[in-house]
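Asks: sequence plus the predicted model coming up.
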Amino acid sequence: MIRSVQCELNRHTSRAIRSQRSNRASGGSAPPVDRNHIALVPKGSQMRTPLLATHPRILIAPVILASLLGGCGGPDSAASKQAVARVNEKELSVHQINHVAQRLPGNLSGEQIAQARLSILNGLVEQETLVQYAAQNKIDRDAQVVQQLESARRDILARAAIERIGSQGAKPTPEEVREFYDANPELFKKRRVYRFDEIVLPGTPAEWPDIQKRLMSARSIREADTILRTRGIEVPIVQGVSRTTESLPMAALPEFLKRRPGELVIWSQPPRVVIGQLTDLKESPVDADKAVPLIEQFLTARKRQEMISAEVKRLNETAKVTYLGEFAANTVNQTPTRNAPGATAPDAGSRSAAALK
């Protein structure tokens, strides 16, 4: 399937190239002469927008960092080996375009895909001129650059390892799906749509325990706003905010089921703190058949995270680790304090139950 998608993308690029060649043949402006002897396909494209100026992350991270690992896995198709540009003596392949194009939104039209791929190619050309400049001036041997390259390589490998570990998870069984459905009625059978007037704090304020205690006496969002202002916290009230059950902290859902319109609710969705007055609610149940895909997706993600956490823990526990130098006094194999790059923290929602008042 990946090859068929890449071939389709290649056809769109070829169509755009032929279109631009046709425009030049019919009297279009001549392409500028490039002092670096860049043989760009297509030459003279009006889309020659410097990608470094607009999308530096798209230009640097996916291409240079990926090249550190020697490219993607899997055999290349004949089309993926086709040269699409030459910068001095260095050829750029359609495979490089395809790698960056994987990050394009999935709802683009054929014409938009072709335009995006041409823009990617222009960016790759611009990038290659800089890479060649770096090599000619021995920038790639600079100690700091070497360290950055090695750090990027290690980060990519660690994240790839996590992806590989997580990909081995099994799909949940129908019994597991049904069990989850029955065990979480607030998400499905008793699902609700809540409407709040809210104050959303971007982070936990200083002296929050004392502020929260005072907020408990507030009978409306206006009174809560007054209390916050006396503490120098000025955040606007947003009215009529709709929140579905699944958008709220999962561990706190049973408490939300007890709430009635008019009540003030405070909950935490790190890093934010939400102070809301419930103004309306309505039942919006989801039957089992419609819930199956969502539950499968959730359980698969949860199994994946559990598998990653268990394997990272195992690797940490079995590795022979000795702290040296200034860290020599630390206990060996302090597993809880060492986290692999890319390992995610526990679900914030699971820590929010105590914050619901």
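Replies: It's in.
Asks: roughly how far apart are residue 263 and residue 244?
Replies: Distance, residue 263 to residue 244, using CB to CB, to the nearest Å: 18 Å. Bear in mind the C-beta positions are built from the backbone N, C-alpha and C, glycine included.
Asks: who does the nearest residue to residue 279 once chain neighbours are set aside bridge with?
Replies: Nearest non-adjacent residue to residue 279, counting by CB to CB, 6 or more residues apart in numbering: residue 195, 5.1 Å away. Beta-bridge pairing for residue 195 (DSSP bridges): residue 242, residue 280.
Asks: tally of neighbours for residue 195?
Replies: 18 (other CB atoms under 10 Å).
Asks: max-length helix in this structure?
Replies: Across the chain, the longest stretch assigned as helix under DSSP state H is helix 288-318.
Asks: now it: mean pLDDT?
Replies: Helix 288-318 comes out with an average pLDDT of 93.
Asks: what helices or strands is that helix leaning on?
Replies: helix 143-166, helix 174-183 (3 or more CB pairs under 8 Å, 6 or more residues apart in numbering; DSSP states H and E).
Asks: what sits closest to residue 134 if chain neighbours are left out?
Replies: residue 140 (5.5 Å).
Asks: surely the one you found is within a helix?
Replies: Yes: the assignment for residue 140 is a helix, going by DSSP: H, G, I helix; E, B strand; the rest coil.
Asks: ok, it - how many residues close by?
Replies: Residues near residue 140, counting by other CB under 10 Å, number 12.
Asks: isn't residue 129 up against residue 87?
Replies: Yes: contact criterion CB atoms under 8 Å: residue 129 and residue 87 qualify, at 6.1 Å.
Asks: more neighbours: which of these two?
Replies: Neighbour totals were compared for residue 129 and residue 87, and residue 87 leads with 21 against 17 (other CB under 10 Å).
Asks: hey, what's the more buried one bridged with?
Replies: For residue 87, the beta-bridge partners are residue 38, residue 90 (DSSP bridges).
Asks: please report the distance of it from residue 239.
Replies: Distance from residue 87 to residue 239, by CB to CB: 56 Å.
Asks: so how far is residue 298 from residue 311?
Replies: From residue 311 across to residue 298, the span is 21 Å (CB to CB).
Asks: check contacts around residue 108.
Replies: Going by CB atoms under 8 Å, 6 or more residues apart in numbering, residue 108 touches residue 116.
Asks: look at it and report its pLDDT.
Replies: pLDDT recorded at residue 108 is 88.
Asks: try the one 4 residues further on
Replies: Listed pLDDT for residue 112 reads 92.
Asks: around it, how many other residues sit close by?
Replies: Other residues near residue 112 come to 13 when the count uses other CB under 10 Å.
Asks: buried residues in stretch 245-254?
Replies: Buried residues in stretch 245-254, counted by 16 or more other CB atoms under 10 Å: 245, 248-253.
Asks: now swap in stretch 105-116 and tell me
Replies: The neighbour-count check on stretch 105-116 (16+ other CB under 10 Å) flags 113-116 as buried.
Asks: and for stretch 156-163?
Replies: Buried, per 16+ other CB under 10 Å, within stretch 156-163: 156, 161-162.
Asks: any idea of the mean pLDDT for it?
Replies: pLDDT averaged over stretch 156-163 gives 95.
Asks: swap in stretch 235-242?
Replies: Averaging pLDDT along stretch 235-242 yields 96.
Asks: show me the contact partners of it.
Replies: Contacts with stretch 235-242, where a contact means CB under 8 Å, 6+ apart, come from 193-202, 221-222, 225, 228, 276, 279.
Asks: report the buried residues of it.
Replies: Of the residues in stretch 235-242, those buried by neighbour count under the rule 16+ other CB under 10 Å are residue 237.
Asks: roughly how far apart are residue 98 and residue 163?
Replies: Distance, residue 98 to residue 163, using CB to CB: 19 Å.
Asks: go ahead and name everything in contact with whatever helix or strand residue 209 lives in.
Replies: Applying DSSP states H and E as the criterion places residue 209 in helix 208-215. Contacting residues not belonging to helix 208-215 are listed as 205, 224, 227-228, 231, 233, 264, 266, 273, 275, 357 [CB under 8 Å, 6+ apart].
Asks: which SSE is immediately downstream of that helix?
Replies: By DSSP H and E, the next helix or strand past helix 208-215 is helix 221-230.
Asks: what are the buried residues along that following helix?
Replies: Neighbour-count burial for helix 221-230, counted by 16+ other CB under 10 Å, picks out 221, 224-225, 227-228.
Asks: redo those as JSON lines? Include distance to residue 316 and pLDDT.
Replies: Formatted as JSON lines, the buried residues of helix 221-230 follow (distance: CB to CB, whole Å; pLDDT from 0 to 100):
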{"residue": "221", "distance to residue 316": "46", "pLDDT": "96"}
{"residue": "224", "distance to residue 316": "44", "pLDDT": "96"}
{"residue": "225", "distance to residue 316": "47", "pLDDT": "96"}
{"residue": "227", "distance to residue 316": "45", "pLDDT": "95"}
{"residue": "228", "distance to residue 316": "43", "pLDDT": "96"}
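Asks: picking that back up, tell me the pLDDT at the residue nearest to residue 134?
Replies: pLDDT, residue 140: 93.
Asks: which residues does it contact?
Replies: Residue 140 touches 134, 146, 149, counting by CB under 8 Å, 6+ apart.
Asks: try 10 Å this time
Replies: Residue 140 sits next to 131, 134, 146, 149 when contact means CB atoms under 10 Å, 6 or more residues apart in numbering.
Asks: brilliant, that's me finished.
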